[in-house]
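**Q** dropping the sequence and predicted coords here.
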Amino acid sequence: MKKIIIAIDGYSACGKSTTAKLVANKLGYIYIDTGAMYRAVTLYFLENYVSLTDPHAVVQALANIHITFIHNPHLQKNETYLNGLNVEEEIRKMYISDKVSEVSTISEVRKCMVEQQQKMGKKRGLVMDGRDIGTCVFPDAELKIFMTADMMIRAKRRQEELLEKDDMVPLDDIIKNLQMRDHIDTTRAQSPLRMADDAYLLDNTHITIDEQIDFVINLASSRMIQDRVQITSNQ
């Protein structure tokens, strides 16, 4: 059966990565966490004191950034490597969350990351999550999902994620961070976060993770069958 690209966009802390990862596992597809790529860039900029307002410094820094994903067989998940170092834990911390949306608005950064993401999707058979996958990176994706959820639910989920890493952050601080990121993501000049016209809305405020996965898998199966019928009828 022909492999497709599944683009999953949406707000922060809506469970995009969890959903994309599980869908990819079920379909035997590659999963790419584009949010992790922007977080890795943010980490590099902070560690190397790169001025976000100096385009020349940003371009020079980007030339020195190499991001890869390596599967950890013990944890059964891909982990993010920045220039050969595992940064999976570091890029999930709040000081990175506080800066990543600002870094993501820089046009040079977006152009560089989008080029890398498009190369990864050339062979299709890919699930990619982010904020502009269905509208900018893969506008021709066969299936597009846009995820949202109630703000309080999102904040509690993010707090639980941080607690699992022994990082206790007050709920109010997380809500402020999410509100700030929503504002930056939806108002930035280049490829702002928005729902593609042909995307399916997935509001997971009151549904389980299994129900989310079933929702996406059913849509993906329908699309693959539809493509197969189309190919057969054209032969």
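**A** That came through fine.

**Q** only C-alpha atoms from now on, for both contacts and neighbour counts.
**A** Fine.

**Q** list the buried residues of the longest helix along the chain.
**A** What stands out as the longest helix in the chain, according to DSSP state H, is helix 209-234. Neighbour-count burial for helix 209-234 flags Gln212, Ile213, Val216, Ile217, Ala220, Arg223, Met224, Asp227 (criterion: 16 or more other C-alpha atoms under 10 Å).

**Q** over to stretch 146-158?
**A** Per 16+ other C-alpha under 10 Å, stretch 146-158 contains these buried residues: Phe146, Met147, Thr148, Ala149, Met151, Arg154, Ala155, Lys156, Arg158.

**Q** what's the most distant pair in those residues?
**A** Across these, the longest distance by C-alpha to C-alpha is 20.2 Å; it joins Phe146 and Lys156.

**Q** which other helices and strands does the longest helix of the chain contact?
**A** Counting contacts by 3 or more C-alpha pairs under 8 Å, 6 or more residues apart in numbering; DSSP states H and E, helix 209-234 packs against helix 16-27, strand 143-148.

**Q** which one of the ones you listed has the lowest average pLDDT?
**A** For the helices and strands packed on helix 209-234, mean pLDDT drops lowest on helix 16-27, to a mean of 92.

**Q** C-alpha coordinates for that helix, PDB please?
**A** Only the C-alpha atoms of helix 16-27 are listed here, as PDB (Å, rounded to 0.1, in the frame of the first residue of the first chain):
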ATOM      1  CA  LYS A  16       1.000  16.100  19.500                       C
ATOM      2  CA  SER A  17       4.300  14.300  20.000                       C
ATOM      3  CA  THR A  18       2.700  11.400  22.000                       C
ATOM      4  CA  THR A  19       0.000  11.000  19.400                       C
ATOM      5  CA  ALA A  20       2.400  11.200  16.400                       C
ATOM      6  CA  LYS A  21       4.800   8.700  18.000                       C
ATOM      7  CA  LEU A  22       2.100   6.100  18.700                       C
ATOM      8  CA  VAL A  23       0.600   6.500  15.300                       C
ATOM      9  CA  ALA A  24       4.000   6.100  13.700                       C
ATOM     10  CA  ASN A  25       4.600   2.900  15.700                       C
ATOM     11  CA  LYS A  26       1.300   1.400  14.700                       C
ATOM     12  CA  LEU A  27       1.900   2.100  11.000                       C
END
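
**Q** contacts for that helix, please.
**A** For helix 16-27, contacts defined as C-alpha atoms under 8 Å, 6 or more residues apart in numbering pick out 8-10, 30-31, 33, 126-130, 147, 209, 212-213, 216-217.

**Q** run the last query once more with 10 Å
**A** Contacts to helix 16-27, defined as C-alpha atoms under 10 Å, 6 or more residues apart in numbering, come from residues 3, 6-10, 15, 28-36, 76-78, 125-131, 145-148, 209-210, 212-217, 220-221.
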